[in-house]
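A.B. asks: Let me see the structure of the following:
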Amino acid sequence: MNLPTEPIGSVPRPPELLAGIADFEAGRIGRDALDALYDDAVRDTIARFEALGSPVVTDGEQSKPSFATYPVHGSPALSPDGVVIPFADGHTRTLPSLTAGPFRYATRAEGYLRAAQRHTSVPVKQAVIAPSALSLLYPAGGIPGYDREAFLDDLVDEAEADIRGALDAGAHAVQLDFTEGRLSVKLDPSKGILDSFVALNNRVLDRFTPEQRAKIGVHTCPGGDQDSTHSADVDYAELLPSLFALHAGIFYVQLASEPEPDRVLAAIAAHARPDQRVFIGVTDPIDPVVETPQQVRDRVLRAAEYIAPERLGTCDDCGFAPFGDDRSTSRETAWAKVRARVEGTALAARELGV
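C.D. replies: Here you go, the predicted model:
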C-alpha cells in the first residue's frame with residue numbers, strides 16, 4: 001500500500017497503568033514500579049499497532065502526563081494558575097504558569113521515542129508540542145528580570161532541540177501538535193494571536209533543512225478531551241490559510257468530524273503548497289461509533305477528488321487520550337478505530353491504484 005496512514009499519537013492507558021499512576025501519586029509504589037508499568041504499556045501498545053498492520057506506530061503517549069505539558073512536567077519554576085482552556089461541555093483544563101527564567105525543558109521527546117524503539121522494528125513516529133502552545137506558559141503580568149522576548153528566545157532553542165533530538169534518534173516523522181491554532185481564532189477573531197503563533201513556530205521550523213522539514217508535520221484539530229472540544233465552533237476556513245503558511249512538509253488535518261468536509265477539502269486544495277503532504281482524519285476519536293473500513297475508504301476517495309493521491313495520507317482526527325487522565329474512550333474502541341483506518345486506507349489505495 002502506497003497510501004500512507006499514521007496514528008496521531010495517544011492511546012487510552014490500560015487500567016493497570018492508571019491504577020499504578022494513582023498508587024505512585026499516593027505513595028503506595030515507587031518510581032521503579034511505575035516505570036515498569038509504563039514500559040509494559042508501551043510494549044503492549046506497539047504490539048497492538050503491529051498486529052493491526054499499522055505501517056507506522058507510536059508509543060501511544062503512555063508515559064506522557066499530557067500531550068501539551070510533558071516538557072515542563074516536574075519543573076520547579078511553575079505555578080498551577082495559568083491559562084484556562086474551556087471546553088464545549090463546560091469542563092476546563094488549566095495550563096501551568098512560568099514563575100522564573102531561564103525557560104528549559106525538563107523532558108525531551110527523544111526519551112519517549114527511544115523507549116518505544118526498543119520494542120519494535122516498525123517505523124516510530126514522535127509527537128512533540130508546538131512552541132506556540134508553550135508560549136502560553138508565560139504569565140500576562142510578566143516575570144521580573146526575565147522579559148517575554150528572552151523567554152521566547154529560550155523557547156525557540158528548546159523546541160528546536162526537542163524536534164532535532166527526535167529526528168536524530170530516527171523518528172519516522174516528528175509531529176508538532178498545534179491544537180491551539182483554531183482556539184486562537186476563537187479567542188482573537190482578528191487573528192493577531194494566530195499570526196504570532198505561526199511566526200513563532202516558523203522561527204523554529206526555519207532552523208531545519210528542507211530535507212528535515214519534509215519529515216516534520218503539524219497536527220491540527222479542535223482540541224479533543226473527555227469527548228468534547230474547545231474550538232470546533234470556529235470555522236475551519238479561518239484557520240487553514242494560516243496553517244499552510246507553516247514551513248512544515250506534512251499536515252495532519254482533522255476532517256472526519258467536520259460537518260462540511262467538501263468545503264474543508266476545497267480550502268486545503270486552495271492553500272496547501274505542492275510540496276506539502278496532507279494526512280486527512282478518517283476516524284473520529286470523540287464519536288463512540290466505530291467507523292467501518294468502507295466509510296474510511298469513501299472518505300479517502302472523496303479527499304482524492306481535491307488532493308492528488310501522491311500527496312495524500314490518512315490519520316485519526318486526534319489522539320484518543322491526549323491527557324493522561326482522560327478515560328472517555330476505551331482502549332478497545334481506539335483499537336477498533338485504528339483497525340478501520342488501516343483497512344479502509346488499504347481499500348482506498350487499491351481503488352486509487354497507488
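
A.B. asks: What pairs with the helix or strand of the chain with the lowest mean pLDDT, parallel or antiparallel?
C.D. replies: Using mean pLDDT, DSSP states H and E, strand 224-225 stands out as the lowest-scoring helix or strand of the chain, at a mean of 92. Sheet pairing for strand 224-225, assigned by DSSP bridges, gives strand 228-229 (antiparallel).

A.B. asks: Tally up the residues packed near T333, please.
C.D. replies: When neighbours are defined as other CB atoms under 10 Å, T333 has 17 of them. C-beta coordinates here come from the backbone N, C-alpha and C atoms, glycine included.

A.B. asks: Ignore what I typed, I meant T58.
C.D. replies: A count of neighbours around T58, defined by other CB under 10 Å, yields 28.

A.B. asks: Could you double-check that it lies in contact with P7?
C.D. replies: Yes: in this structure T58 lies within contact range of P7 using CB atoms under 8 Å: 5.1 Å.

A.B. asks: For the two, list the residues in contact with both.
C.D. replies: Shared contacts of T58 and P7 (CB atoms under 8 Å, 6 or more residues apart in numbering): F49, K125.

A.B. asks: Quickly note the distance from A159 to V174.
C.D. replies: Plainly put, A159 is 11 Å away from V174 if you go by CB to CB, to the nearest Å.

A.B. asks: joint contacts of these two?
C.D. replies: With CB under 8 Å, 6+ apart as the test, A159 and V174 both reach V128.

A.B. asks: Phi, psi for the residue most central in space within the chain please.
C.D. replies: Nearest residue to the geometric centre of the chain (CA atoms, centre = their mean): D177, 3.8 Å. With angles defined as degrees, to the nearest 10, D177 sits at phi -80, psi 120.

A.B. asks: Please tell me the pLDDT value assigned to it.
C.D. replies: pLDDT for D177: 98.

A.B. asks: mind listing what I46 touches?
C.D. replies: V57, D59, G60, A116, H119, T120, V122.

A.B. asks: Hmm, A51 and the first one touching each other?
C.D. replies: I take that to be V57. No: counting by CB under 8 Å, V57 sits too far from A51 to count as a contact (10.6 Å).

A.B. asks: Mind checking which of these two has more residues around it?
C.D. replies: V57 (24 against 10).

A.B. asks: what about P144, neighbour count?
C.D. replies: Counted with other CB under 10 Å, P144 comes out at 8.

A.B. asks: Spit out the contact partners of I163.
C.D. replies: So I163 contacts A109, V128, V174, L176, V204, F208, I216 (CB under 8 Å, 6+ apart).
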